[in-house]
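Q: Pasting the sequence and the predicted coordinates here, then a few questions.
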Amino acid sequence: MTQLMLYNTRTRAKEAFTPIDPANVRAYLCGPTVYDRAHLGNARNVVVFDILVRLLRRLYPRVTYVRNITDIDDKINTRAKERGVSIEEVTEGPIRWYHEDMGALYTLPPDIEPRATAHLGEIIEMIERLIANGHAYEAAGHVLFSVASDPDYGKFSGRTPDELIAGARVDVAPYKRDAGDFVLWKPSTPDLPGWDSPWGRGRPGWHIECSAMSWRHLGENFDIHGGGDDLIFPHHENEIAQSCCAFPGSKFANVWVHNRMLLVNGEKMSKSLGNFLVLHDVLEKAPGEAVRFLLMRSHYRSTLDFSDAGLVEARRELDRFYRALEAFPDMAASDQVPASVLWPLLDDLNTPGAIAALHALADAALAGDAKAAAGLHAAGQVLGLFNVTSAEWFAGDVPAAVTALVEARIAARAAKDFAASDRLRDEIAALGYAIQDGPRGAYKLRKA
RNA sequence: GGUCCGGUGGCAGAGUGGUGAUGCAGCGGACUGCAAAUCCGCGUAUGUGGGUUCGAUUCCCGCCCGGACCUCCA
């Protein structure tokens, strides 16, 4: 059983995944707009896609994973103006932090990481095509996409143009033909970053860069497009409209994979609410692998309500797996992922189901089953787990002060001075380490 | 207001038209100088009212509650 099933937002149904070209599966994930630190919601999105890509790589010989960086944006411009620096100086830090933080979660880098600033040519070419095809028009220095020109507009997100207008909570610019028309290109005043175009010096609107970059790197029609479900409208609806109208007859992405939002205290983390958890801060509280594990403990299409208690629990579950692996230090590496783990993953990335299977393997491994331990380790590769050794997981680099106390305690126990022994255990605990005694004076240390 | 999604044991969280995974926490026992870890065992759940069915947690309808989108957002 190696058939991957994926829920496709386009059809609102779980479908058997069939690549356009089995020799090269092409996938695109909407990446960050780089003006700030990544938050935990970004992390969920990237971890989910990371598992999908790892799984696809087991099933197909080649996967091209593209994740863009949006480095043209009005929020970036605002920051640059506030600080009196160039937009490159604003985006440099956030791009570096993004790589560091996602790396700390053991997510694989994309094969191609295109930037909007390097794709103005493609962006302009697409806009020219849209104008030539009668799907876009110039007005007041802007170029706008005409939603009325696209009979399919709204189908993806399940809305009619009337609904969109009725629900509009923003003022409609007077130069728009329809309230739903959106900007492809807008003029830049001299104090703002801009690029020369047939419509004068300006900059692209929000949605066009993803259409241009996916076209450049994956073609007019590719397999999978991912993102958070808050992007379904308007971002992905608009991407589809632009791409399908610029390339008549193309289908753009075949399968759309959207993860649900991460909640904090029952509410969506969002920039406007200001309640978002900065990933870097969460990584101060727990190992990256525990944060990653927390994000896979619920299905990607369910809401996940973050809590510190959940983080602690994620870490304890991983403790158990590392204990199971620890029992087989010389285990030969295997890439045979047990069917019990693979099967739920193939069924629309059911990570909680896979984790349940991991626990069964851990039980067997703790009972002495070497094959189960090898299977557990192999399963970790497809899930992006077990990236460190058990010793590193439990203790990391032990400070000299702790080692000295441990040695003093061994001596005390040998002398059966249990009062001293218990006192030393408390002192070790005060330094953040727990000690476990084993047979014949053996012991294990772990970070509290 | 429109559209959509969900409500499972103390908590987290899957699956399923036919005796409700898994984990964490809790309880009892073994082991231990005491612990920890490990092992054995235990308990508790499908929001609510109808309908379809031999049988529903699973399908359908109403209600209640929660969340998302309709605006920047992963």
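A: Perfect, I can see it now. Residues are numbered from 1 along each chain as shown, chains lettered A, B, ... in the order given.

Q: State the number of residues packed around A:Ala80.
A: Close neighbours of A:Ala80, defined as other C-beta atoms under 10 Å, add up to 20. For glycine as for every other residue, the C-beta is placed from the backbone atoms N, C-alpha and C.

Q: measure it to RNA strand B for me?
A: Using C-beta to the nearest atom of the strand, to the nearest Å, A:Ala80 is found at 16 Å from RNA strand B.

Q: and stretch A:358-375, how far out from the chain's middle?
A: 29 Å (C-alpha atoms, centre = their mean, to the nearest Å).

Q: what about it, average pLDDT?
A: For stretch A:358-375, the mean pLDDT works out to 95.

Q: what does it contact?
A: A:317, A:320-321, A:323-325, A:327-328, A:331-334, A:336-338, A:340-341, A:376, A:379-380, A:383 (C-beta atoms under 8 Å, 6 or more residues apart in numbering).

Q: Buried among those residues? Make that a ChimeraX selection.
A: Only the buried entries of these go into this ChimeraX selection, using 16 or more other C-beta atoms under 10 Å:
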select /A:317,321,323,324,325,327,328,334,337,338,340,341,376,379,380,383
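
Q: so which of the contacts of stretch A:358-375 also contact RNA strand B?
A: Among the contacts of stretch A:358-375, the residues that sit close to RNA strand B (C-beta under 7 Å from any atom of the strand) are A:317, A:320, A:323.

Q: Filter those residues down to just the ones in helices.
A: Using DSSP state H, the members of those that fall within helices are A:317, A:320, A:323.

Q: Turn those residues into a markdown table, columns for pLDDT.
A: Conversion of these to a markdown table gives the following (pLDDT from 0 to 100):
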| residue | pLDDT |
| --- | --- |
| A:Glu317 | 95 |
| A:Arg320 | 94 |
| A:Arg323 | 93 |
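
Q: correct me, but A:Ile355 touches A:Ser298?
A: No. With contact defined as C-beta atoms under 8 Å, A:Ile355 does not count as touching A:Ser298 (10.1 Å).

Q: State whether A:Glu138 is indeed within a helix.
A: No. A:Glu138 is assigned strand when assessed by DSSP: H, G, I helix; E, B strand; the rest coil, not a helix.

Q: how many neighbours does the residue nearest to it when sequence neighbours are not counted have?
A: Once flanking residues are discounted, A:Glu138 sits nearest to A:Trp199: 6.0 Å by C-beta to C-beta, 6 or more residues apart in numbering. Using other C-beta under 10 Å, the number of residues around A:Trp199 comes to 18.

Q: What backbone torsions are found at the single nearest residue of the stretch 201-350 of chain A relative to RNA strand B?
A: Of all residues in the stretch 201-350 of chain A, A:Gly228 sits closest to RNA strand B, with a separation of 2.0 Å (C-beta to the nearest atom of the strand). The phi and psi torsions at A:Gly228 (degrees, to the nearest 10) take the values phi -80, psi 150.
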